[in-house]
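[1] got a sequence here, can you build the structure:
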Amino acid sequence: MTRNQNPGRGQRAADWADGRLGIYTLARANLRKIFPDHWSFMLGEICLYTFLIIILTGVWLTLFFKPSMGEVVYNGSYVPLKGIGMSEAYASTLDISFEVRGGLLIRQIHHWAALVFVAAMLVHMMRVFFTGAFRKPREINWVFGFLLLVLGMFDGFFGYSLPDDLLSGTGIRFMEGAILATPLVGSYLQMFLFGGEFPGHDIVPRFFTIHVLLIPGIMLGLLVAHLVLVFHHKHTQWAGPGRTEKNVVGMPLMPVYMAKAGGFFFLVFGLIAAISAIASINPIWAYGPYRPDQVSTDAQPDWYMGFAEGLVRVMPGWEINLWGHTLNLGVFLPVMVIFPLVLGAIAVHPFIEAWVTDDKREHHLLDRPRNAPVRTALGAAWISVYLVMLAGGGNDLIATHLHLSLNAITYAVRVGFFVIPVAVFVITKRWCLGLQRRDRDKVLHGRETGVIKRLPHGEFTEVHARLAPAELHRLTAHEQPRPLEPPPAVDENGVANPAGALTRTRARLSRGFHGGHARIPRPTAEEYRGITEGHGH
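    Numbering: from 1, shown residues only. Model (predicted):
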């Protein structure tokens, strides 16, 4: 085949760019990259698409928002607030909602997309956690995802604080109290962030810079690094026929995957737009402008900050007075100690698990959650802690709507913080072991057909059918690693083993993670062959 002697403009432009950027080689290496096809992998795409929606709507909102705390008298179209003194930030947000064509819809799309973004990131990380997709070589990418989650939470907080309404002002006051409770440096941090005594005149301008420039810039860099590592490490996949640790079975990036991804983007965008058009969120005109001497009723943060709110609400009001200084443990412990520890547990788990199991291999095949019962139970226990404290953050709403005692709910949440995660851990682990036994029975005895057969001696039994090869592979493809053996107390010469307490602790943890009580033995080939021959399969 001869090359076209008269290339068109598009080809000439592509040739020009290829001579300077090498796009042909780049395209050949990446556009045919294979991606596996499974619904759970779409959770990460939702994170990406909602982030894009947030950026697009956020740029549009900056054209009309005035990040200023200068005092003005409102004279807009919303009659109940006419003649009321307020900040320019609050007045411009009202103008966006009532004066700018389509402004309220864009505001609500921006806010709903932020809520879905954080929720999708949390669910996506839980999918990665429960399937073991964070293992080598993806530990760094896991940390990038964790940082994106935390930055998304705080950027959302700064974002809904910008309108300077009564609800957001209450949230800012909450954060200021947590900062001031930090020993030694709390007052300096407060002055650095707020620029003076609360509420001051610099809160909204500074939060605006952090919200639209600093945090999104960091998140964009982390997102690019996250996607680059996904391409570099290749995508994880579920075990199945033909799938190994060295290949990926799926569809090419171009044109199949990109066509599906494009359609999915518009589906996510359309669904969020529909929700935003139907369900009102953050109606700042109902709260009014912020005043330090007022607190709005039913003051609740967005759901992802409800955990911190719940920790403060249920924490006893302990204080320590030392050398003329007061340490407010009722605020410092929950927000500055427990909250970071609970979140930080997500970030460090891959490294702890790798150390406990001494697993240095690369993993590209995913675990079924039931086949890693201890890991699954730990994840479920973490989620239960979050949900318990989320309920604590809404204890006033629970009390008023269900006509219960506020004190009783608070004490129940305090007890639940310690009891419920343990109960969830035990139940989840036993549940996983039960599912493993069910899989083992299904492999050995086949699939239940619902057909009842009467044997010659009068016994009734159900007919079982042999599993399909793909199903049989799926139920038996998982590994069953052995726990680390504890070092002997003495060597062959009777000399005491120098192994320290850390080594022995590691062996005990490994036994708890991979020991016999944490897994059901997988059927061996001999067992399967004997059962199938005995049943005449």
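
[2] Phe134 is in contact with His349, correct?
    Yes. In this structure, His349 is within contact of Phe134 by Cβ atoms under 8 Å, at 7.4 Å. Placement of C-beta: from N, CA and C, glycine included.

[3] okay, these two: which has more neighbours?
    When neighbours are counted by other Cβ atoms under 10 Å, His349 and Phe134 differ, and Phe134 comes out ahead with 25 against 19.

[4] what's the distance between that one and Leu43?
    As judged by Cβ to Cβ, to the nearest Å, Phe134 and Leu43 stand 14 Å apart.

[5] got the contact list for the strand ranked longest in the chain?
    Longest strand in the chain, counting residues (DSSP state E): strand 447-454. With contacts defined as Cβ atoms under 8 Å, 6 or more residues apart in numbering, strand 447-454 is touched by 460-467, 471.

[6] which one of the residues you listed is nearest Pro252?
    Nearest to Pro252 among the contacts of strand 447-454 is Glu471, at 27.0 Å by Cβ to Cβ.

[7] and the pLDDT for the closest residue to the closest one other than its chain neighbours?
    Leaving aside its chain neighbours, Glu471 sits nearest to Arg447 (7.9 Å; criterion: Cβ to Cβ, 6 or more residues apart in numbering). Listed pLDDT for Arg447 reads 83.

[8] and for Arg447, the neighbour number?
    Counted with other Cβ under 10 Å, Arg447 comes out at 14.

[9] how about it: which residues does it bridge to?
    Ala465 (DSSP bridges).

[10] and it, how far from Gly416?
    Distance from Arg447 to Gly416, by Cβ to Cβ: 40 Å.

[11] contacts only, for Ser161.
    Per Cβ under 8 Å, 6+ apart, neighbours of Ser161: 168-169, 171-172, 203-204, 207.

[12] need the pLDDT of the residue lying closest to it once chain neighbours are set aside.
    Counting by Cβ to Cβ, 6+ apart, Ser168 is the residue found nearest to Ser161 once chain neighbours are left out, at 4.5 Å. The score at Ser168 is 86. That number is its pLDDT.

[13] same thing with the one 3 residues further on?
    Model confidence at Gly171, given as pLDDT, is 83.

[14] which residues of the stretch 351-500 of the chain fall in strands?
    Along the stretch 351-500 of the chain, counting by DSSP state E, counting those that start in this stretch, strands occupy 447-454, 460-465.

[15] oh, that last question was meant for the stretch 151-300 of the chain, not what I typed.
    Under DSSP E, counting those that start in this stretch, the stretch 151-300 of the chain gives strands at 251-252.

[16] can you show me the helices along it?
    166-180, 186-194, 203-209, 215-233, 258-278, 284-287 (DSSP state H, counting those that start in this stretch).

[17] tell me the helices and strands packed up against the first one.
    Going back to what we said before, that points to helix 166-180. Counting contacts by 3 or more Cβ pairs under 8 Å, 6 or more residues apart in numbering; DSSP states H and E, helix 166-180 is packed against helix 139-161, helix 186-194, helix 284-287, helix 306-314.

[18] and of the ones you listed, who's closest to Gly394?
    helix 306-314 (6.7 Å).

[19] other SSEs contacting the helix or strand that that closest one is followed by?
    With elements assigned by DSSP states H and E, the helix or strand that comes after helix 306-314 is strand 319-322. Judged by 3+ Cβ pairs under 8 Å, 6+ apart, strand 319-322 is in contact with strand 325-328, helix 329-331.

[20] so of those, which one's packed in deepest?
    Each of these was assessed for mean neighbour count using mean count of other Cβ atoms under 10 Å. The highest is helix 329-331, with a mean of 18.

[21] who touches that helix?
    Residues contacting helix 329-331 (Cβ under 8 Å, 6+ apart): 177-178, 181, 312, 315-320.

[22] which stretches of the stretch 151-300 of the chain have low pLDDT?
    296-299 (pLDDT under 70).

[23] which stretch of helix or strand covers the closest residue to Trp355 other than its chain neighbours?
    Counting by Cβ to Cβ, 6+ apart, Trp355 lies nearest to Arg506, which is 7.0 Å off, once chain neighbours are set aside. In this structure, Arg506 sits in helix 501-514 according to DSSP H and E.

[24] element containing the residue nearest the centre of the chain?
    Nearest residue to the geometric centre of the chain (Cα atoms, centre = their mean): Leu122, 1.4 Å. Following DSSP H and E, one finds Leu122 within helix 103-131.

[25] show me what counts as buried in that helix.
    103-104, 106-122, 124-131 (16 or more other Cβ atoms under 10 Å).

[26] any idea whether the spatially closest residue to Trp382 that is not a sequence neighbour is helix, strand or coil?
    Leaving aside its sequence neighbours, Trp382 sits nearest to Ala345 (Cβ to Cβ, 6+ apart; 6.6 Å). At Ala345, secondary structure determined by DSSP: H, G, I helix; E, B strand; the rest coil is helix.

[27] any idea how many residues pack against Pro456?
    So Pro456, with other Cβ under 10 Å, has 5 neighbours.

[28] confidence score at it?
    87.

[29] what about it, distance to His445?
    Distance from Pro456 to His445, by Cβ to Cβ: 21 Å.

[30] now swap in Gly102 and tell me
    In terms of Cβ to Cβ, Gly102 sits 62 Å off from His445.

[31] the more surrounded of those two?
    Using other Cβ under 10 Å, the more surrounded residue of Gly102 and His445 is His445, with 16 against 10.

[32] quick one: contacts for the closest residue to Pro80 other than its chain neighbours?
    Nearest non-adjacent residue to Pro80, counting by Cβ to Cβ, 6+ apart: Trp285, 7.4 Å away. With contacts defined as Cβ under 8 Å, 6+ apart, Trp285 is in contact with 78, 80-81, 94, 97-98.

[33] okay, those in TSV with secondary structure, pLDDT and neighbour count next?
    Conversion of the contacts of Trp285 to TSV gives the following (DSSP: H, G, I helix; E, B strand; the rest coil; pLDDT from 0 to 100; neighbours: other Cβ atoms under 10 Å):
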residue	secondary structure	pLDDT	neighbour count
Tyr78	coil	91	14
Pro80	helix	92	9
Leu81	helix	92	17
Leu94	helix	95	22
Ser97	helix	94	22
Phe98	helix	94	13
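
[34] mind putting the residues you listed in TSV, distance to Tyr411 included?
    Below are the contacts of Trp285 laid out as TSV (distance: Cβ to Cβ, whole Å):
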residue	distance to Tyr411
Tyr78	42
Pro80	40
Leu81	41
Leu94	41
Ser97	41
Phe98	44
